[in-house]
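Student: build me a structure from this.
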Amino acid sequence: MSLITAENVRKDYQAGEVSIAALKGISFEIEPASFVSFVGPSGSGKTTLLNLIGCLDRPTGGKLTVADTDTAVLDRKQSAAFRGTNIGFIFQDFNLLPVLTVFENIEYPLLMVRNTPAEERKKRVNALLQAVGMIEQKDKYPDQISGGQKQRVAVARALVTNPKLVLADEPTANLDHTTAYMVIDLMKKMRDEFRTTFIFSTHDQKIVGEAEIIYSLEDGELKDRQAKGGKNNG
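Tutor: Alright, predicted model coming up:
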């Protein structure tokens, strides 16, 4: 059973009287526990596609199903609830809250989305801090840790709600070569441990080289699909 199914998905934007086609009818399937990269130059449609999968926007046409849900039927409130239950996000600039500690940044989605009891929050956050190797920094603030450590915190925060899917938009763009590989290895480890699907929008060859499935986008069209290790999902 596919986690994500796109059938002839289109996305148009209006610029005055001109309609711009950001996605031109793309189709694909992604299975649970996949490690997938969408690659392509700027303007190819990568970020638009991630926004659609993440229910931050709606398709203009076609059908996009995520976790057995037709995303087009969700209103704004339903989309927010769906994201809180099913999707985690990782950003290239980390998006950590500077006034919160490492522990509090990871805990934040459980307070905002789930209203999880305090004891369960503590247990889950500490488990993820151990998993990403940040337990000793849990009381530090974002400006007291390195870029690589910030992205480790961002990975833990994305996973704290036990999502089926994590979307990462250029997650290694602000990291040096060595740190980027460490973060990629961490995300693979988290995928294996939690069976979470990771989907990347990137032109970073480090991620492209580590992805198990690579979709190439160009001018809003899906040009190519490569799978490594014999894994085939669409």
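
Student: least confident secondary structure element in this protein?
Tutor: helix 205-210 (a mean of 82; mean pLDDT, DSSP states H and E).

Student: now that helix: buried residues?
Tutor: 207-208, 210 (16 or more other CB atoms under 10 Å). Just so you know, the C-beta spots here come from the backbone N, C-alpha and C atoms, and that holds for glycine as well.

Student: equivalent analysis for stretch 206-225, please.
Tutor: Buried, per 16+ other CB under 10 Å, within stretch 206-225: 207-208, 210-217, 220, 222.

Student: kindly report the same for stretch 93-112.
Tutor: Buried, per 16+ other CB under 10 Å, within stretch 93-112: 94, 96, 101-110.

Student: just checking, residue 11 is part of a helix?
Tutor: No: going by DSSP: H, G, I helix; E, B strand; the rest coil, the assignment for residue 11 is strand, not a helix.

Student: so who does the residue nearest to the spatial centre of the chain touch?
Tutor: By CA atoms, centre = their mean, the chain has its centre lying nearest to residue 167, at 0.8 Å. The contact partners of residue 167, by CB atoms under 8 Å, 6 or more residues apart in numbering, come to 50, 53-54, 87-90, 199, 201.

Student: out of those residues, flag the one nearest to residue 34.
Tutor: The closest of the contacts of residue 167 to residue 34 turns out to be residue 199 (CB to CB; 7.7 Å).

Student: count of neighbours near that closest one?
Tutor: If you count neighbours by other CB atoms under 10 Å, residue 199 ends up with 25.

Student: and it, what element?
Tutor: strand 197-202 (DSSP states H and E).

Student: so which residues make contact with that strand?
Tutor: 3-4, 30-39, 46-47, 49-50, 53, 164-173, 187-188, 190-191, 207-208, 211.

Student: now those residues: which count as buried?
Tutor: 3-4, 30-31, 34-39, 46-47, 49-50, 53, 164-172, 187, 190-191, 207-208, 211.

Student: which of the residues you listed fall within helices?
Tutor: Among the buried ones among the contacts of strand 197-202, DSSP state H puts 46-47, 49-50, 53, 187, 190-191, 207-208 in helices.
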